[in-house]
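A.B. asks: Predicted coordinates and the sequence they were generated for:
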Amino acid sequence: MLEMLKKIIPEYVDVEPEEITLDARFMEDLHFNSYDFMSLLGELEEELDVTIDEEAVLELHTVGDAIQYLESLQKK
């Protein structure tokens, strides 16, 4: 999942794949704005065939948070 995000995230923000770590924060470290972040989540929903709960979005601060949440959705 991390490798997939390392390919997708640079399509939205100007970061190198090496900067995308489990501890990287979307807003502070990767410089996402809210529009780009929501667009990324929309692409991930399509790519993984899952539905991301709007309430859960508020808890996704780091790449690791997102991976953990997305993996939990895939298990359902």
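C.D. replies: Structure's in. What do you need? Keep in mind the model is a prediction, meaning the values are calculated, not measured.
A.B. asks: Once you drop chain neighbours, what's closest to N33?
C.D. replies: M27 (7.9 Å; Cβ to Cβ, 6 or more residues apart in numbering). (C-beta placed from N, C-alpha, C; glycine too.)
A.B. asks: Quick check on that neighbour: phi, psi?
C.D. replies: For M27, the backbone dihedrals are phi -80, psi -50 (criterion: degrees, to the nearest 10).
A.B. asks: Pull up the gap between V15 and L48, please.
C.D. replies: As defined by Cβ to Cβ, to the nearest Å, V15 lies at a distance of 21 Å from L48.
A.B. asks: That should have said P10, apologies.
C.D. replies: Counting by Cβ to Cβ - P10 and L48 are separated by 18 Å.
A.B. asks: Just give me the residue closest to the centre of the chain.
C.D. replies: To find the centre residue of the chain, average its C-alpha atoms and take the closest one (Cα atoms, centre = their mean): that gives A66, at 5.1 Å.
A.B. asks: That one reaches L5, doesn't it?
C.D. replies: Yes - A66 sits in contact with L5 when judged by Cβ atoms under 8 Å, with a separation of 7.3 Å.
A.B. asks: can you point me to the longest helix in the protein?
C.D. replies: For the chain, the helix reaching the highest residue count under DSSP state H is reported as helix 34-48.
A.B. asks: Contacts for the next helix or strand after that one, please.
C.D. replies: Reading on from helix 34-48 to the C-terminus, the next helix or strand found by DSSP states H and E is helix 54-57. Contacting residues not belonging to helix 54-57 are listed as 38, 41, 69 [Cβ atoms under 8 Å, 6 or more residues apart in numbering].
A.B. asks: picking up where we left off before, contacts only, for the residue nearest to N33.
C.D. replies: 33, 37, 61.
A.B. asks: Kindly recompute the last result at 10 Å.
C.D. replies: When the contact criterion is Cβ atoms under 10 Å, 6 or more residues apart in numbering, the partners of M27 are 33-34, 36-37, 61.
A.B. asks: All set, thanks.
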